[in-house]
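Q: No sequence on hand, only this structure:
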């Protein structure tokens, strides 16, 4: 029981770290056609995320792999139910991943335009779809007692799901604009800062709308009302949001980015703590819901995986931290590899 | 067209496409690390030229390997949900460990390698490439351990209506998985070596970048020779183990129908699955199959007829793929030995250089054929003896799989064309002039 609970929250943590890390480069990829006015701007934007995006994306694989290892039933039902949405995310990430490497390899404007488009689509689609998918999980998915999905791709596109998509999009866009503010100089920097300010307002509105509609569309607040201490998560989200605004105003862009990271992590935790013990709730009948307790692996597997995660995740964090530190500071001419 | 068939087709397409790039990543990363180490040691600019040139080809290839790998981890959930739910307790952890303990390092450090030329010392930068190469091969080890469990499931019990882990060490030290590792890692080296030798031969034939090409060729030759010899020895161990744990696969590999002692191999045969015999069978050498399977000319080898029809793998495909792989494997040994003989006078051996240039596709073909032997030869089982492929697919709509399969073929087809176009054009271009401060 306790192992399953630990794993539930580790599962949530891994998704949160994924959104926190890959979020900013998905955001930059989405801002790319709008902020990248010149070829020079574009190359700076690519260099701002170039050394980091690939390592960030592995958090997704880890989150997925851990779902498979610790909650195979959830892995099976979640990914087959959301087949089309997940396929769209995967194809988006494919065309995005190659565009970094391919774009600069042929010196022709049409070639670069092709990969610019792939980078944009490959960034904006996952940003929105992850939001849609998680909002739907918060809301409940039409699965029957055998874990068979009784909807279509369009079932996921309900107003609350779409609102989730909008929220994630603005979370990532803000996160990306702040990273660019911290990493760039000159005209691009000025435009990134100004855009970050505007995006913050949109994010604030989307966050308030999402928190309010969650009250009607989901049962997330049941856990909060039962354990009011959990409201500290919401408090952290609000502090993060305010922190972004304050640090942005002071020109402390990295601090603003960290505030944004706090916002993303607490936004994910908000949903995860509200869901517990559900992982993939059925909105046909609560009895069909997949929970941390009816979908978990055997205690032996959970223990082994716990050792693996306790051993390796700190190591990963250490060398990723080293990498972030190595590439801190403004993008300069010598960083324009792509 | 049912979901199982389309899902199999999709998984085969996705895996085989992924496998066009991953073995080169595994092998070439090691060769680039060797070149960069030589540069850090000697400061001879030709090694920097080599590191930059082969590194560039490596990165194009790497990108394709990475993006096509992501879909594979998720396809177990999207398309094989019954499999995932049934064996996830054992199988899932191996994939999770691969991401956490290996793939993370590779993906994080590749960014450091690309962008870190001026931020790190020469030695540190070379060390990063060694870590990338090590982590990449470690990734392969975990993935092959997972595949090894599908080939020969161990360390589990059936409990709560699913396969549950009972002995993690048995899963990790599964002999089948270890043999697959000892087979696939050197295969990656052979591919990387032939890739380097073939492209170097192209430049040597054109008499351009001679010093660069000769040095590259020789590094490729050394690794290619050792790795192809390792494969030959390992292949023997591997076949004997298959004889023990997957007798139906072995029988299909050799198109061997009747259980006999002193079993022959056929130099040429055409399997007739309908009538359970070989339609044509020429040049049979008695005892050889027994010897290969058990190191005893008189040992008994089970024939396909010993297995119910519905538990036999597709014979023709397994048989042909195995032949192709073995023939090419033997060719790699001869081609590299010939290289050692001609090593001192490569420039005067245009025919050999041409041979090596046109040999570039061959390790690719051998590797794909080997994958077919392993996976098609395991059919009808998804987990040998435990779960049938037909019971493993997700209960989803045919149209969904049909559409995604179409998307895979289109997107991967285009990416493949563009990727190989970039690799070929950059390979032909040869090394670029070095930046003044290296």
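A: Perfect, thanks for sending it. As the structure is a prediction and not an experimental result, all values here were calculated from the model. Residues are numbered from 1 along each chain as shown, chains lettered A, B, ... in the order given.

Q: the helices in the chain, which residues?
A: I went with chain A, as the question did not name one. Residue ranges of the helices in chain A, as given by DSSP state H, are A:2-35, A:39-49, A:53-70, A:72-81, A:83-103, A:109-139, A:159-183, A:186-217, A:221-226, A:231-250, A:253-275, A:299-326.

Q: let's do chain B instead
A: Remark: helices assigned in chain B by DSSP H are B:3-42, B:45-79, B:81-98, B:104-115, B:122-151, B:168-172, B:175-205, B:210-245, B:247-253, B:288-294, B:315-342, B:350-358, B:361-376, B:398-429.

Q: Dump those into TSV; add distance to residue A:89 as well.
A: C-beta coordinates here come from the backbone N, C-alpha and C atoms, glycine included. As requested, the helices of chain B are exported to TSV (distance: least, C-beta to C-beta, whole Å):
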stretch	distance to residue A:89
helix B:3-42	15
helix B:45-79	9
helix B:81-98	17
helix B:104-115	18
helix B:122-151	22
helix B:168-172	30
helix B:175-205	29
helix B:210-245	37
helix B:247-253	36
helix B:288-294	46
helix B:315-342	33
helix B:350-358	41
helix B:361-376	26
helix B:398-429	12
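
Q: how about those in JSON lines, adding mean pLDDT and mean neighbour count?
A: What follows is these, written out as JSON lines (pLDDT from 0 to 100; neighbours: other C-beta atoms under 10 Å in any protein chain shown):
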{"stretch": "helix B:3-42", "mean pLDDT": "94", "mean neighbour count": "22"}
{"stretch": "helix B:45-79", "mean pLDDT": "93", "mean neighbour count": "23"}
{"stretch": "helix B:81-98", "mean pLDDT": "94", "mean neighbour count": "26"}
{"stretch": "helix B:104-115", "mean pLDDT": "94", "mean neighbour count": "24"}
{"stretch": "helix B:122-151", "mean pLDDT": "95", "mean neighbour count": "21"}
{"stretch": "helix B:168-172", "mean pLDDT": "95", "mean neighbour count": "16"}
{"stretch": "helix B:175-205", "mean pLDDT": "95", "mean neighbour count": "24"}
{"stretch": "helix B:210-245", "mean pLDDT": "93", "mean neighbour count": "20"}
{"stretch": "helix B:247-253", "mean pLDDT": "91", "mean neighbour count": "26"}
{"stretch": "helix B:288-294", "mean pLDDT": "87", "mean neighbour count": "20"}
{"stretch": "helix B:315-342", "mean pLDDT": "94", "mean neighbour count": "19"}
{"stretch": "helix B:350-358", "mean pLDDT": "95", "mean neighbour count": "16"}
{"stretch": "helix B:361-376", "mean pLDDT": "96", "mean neighbour count": "21"}
{"stretch": "helix B:398-429", "mean pLDDT": "94", "mean neighbour count": "16"}
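
Q: Can you say which of those helices is nearest to residue A:123?
A: helix B:45-79 (13.8 Å; C-beta to C-beta).

Q: Pick the most buried one from the helices of chain A.
A: helix A:72-81 (a mean of 28; mean count of other C-beta atoms under 10 Å in any protein chain shown).

Q: how big is the angle separating it from helix B:81-98?
A: Helix A:72-81 runs at 110 degrees relative to helix B:81-98, counting by axes from the mean of the first three to the mean of the last three C-alpha atoms, to 10 degrees.

Q: quick one on the thing from earlier: would you mind giving the helices of chain B as CSV with distance to chain A added?
A: Output for the helices of chain B, formatted as CSV (distance: least, C-beta to the nearest C-beta, whole Å):
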stretch, distance to chain A
helix B:3-42, 10
helix B:45-79, 3
helix B:81-98, 2
helix B:104-115, 3
helix B:122-151, 9
helix B:168-172, 5
helix B:175-205, 17
helix B:210-245, 21
helix B:247-253, 27
helix B:288-294, 35
helix B:315-342, 27
helix B:350-358, 23
helix B:361-376, 19
helix B:398-429, 5
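
Q: which residue does chain A bring closest to chain B?
A: The nearest approach of chain A to chain B comes at residue A:72, 2.3 Å away (C-beta to the nearest C-beta).

Q: so what's that residue up against?
A: Going by C-beta atoms under 8 Å, 6 or more residues apart in numbering or on different chains, residue A:72 touches A:295, A:297, B:84-85, B:87-89, B:92, B:162.

Q: The same query, at a cut-off of 7 Å, please.
A: Residue A:72 is in contact with A:297, B:84-85, B:88-89, B:92, counting by C-beta atoms under 7 Å, 6 or more residues apart in numbering or on different chains.

Q: now do residue A:271
A: Applying C-beta under 7 Å, 6+ apart to residue A:271 gives the contacts A:134, A:138, A:220.

Q: switch to 8 Å and redo it
A: A:134, A:137-138, A:220.

Q: Can you tell me which of the contacts of residue A:72 is closest to residue B:368?
A: Of all the contacts of residue A:72, residue B:368 sits closest to residue B:84, with 25.5 Å by C-beta to C-beta.

Q: now the closest one: how far from residue B:366?
A: Residue B:84 sits 31 Å away from residue B:366, going by C-beta to C-beta, to the nearest Å.

Q: Same check on residue B:422?
A: 24 Å.

Q: next one: residue B:433
A: In this view, residue B:433 and residue B:366 are 36 Å apart by C-beta to C-beta.

Q: do residue B:341 as well
A: Counting by C-beta to C-beta - residue B:341 and residue B:366 are separated by 23 Å.

Q: Then residue A:211?
A: As judged by C-beta to C-beta, residue A:211 and residue B:366 stand 58 Å apart.
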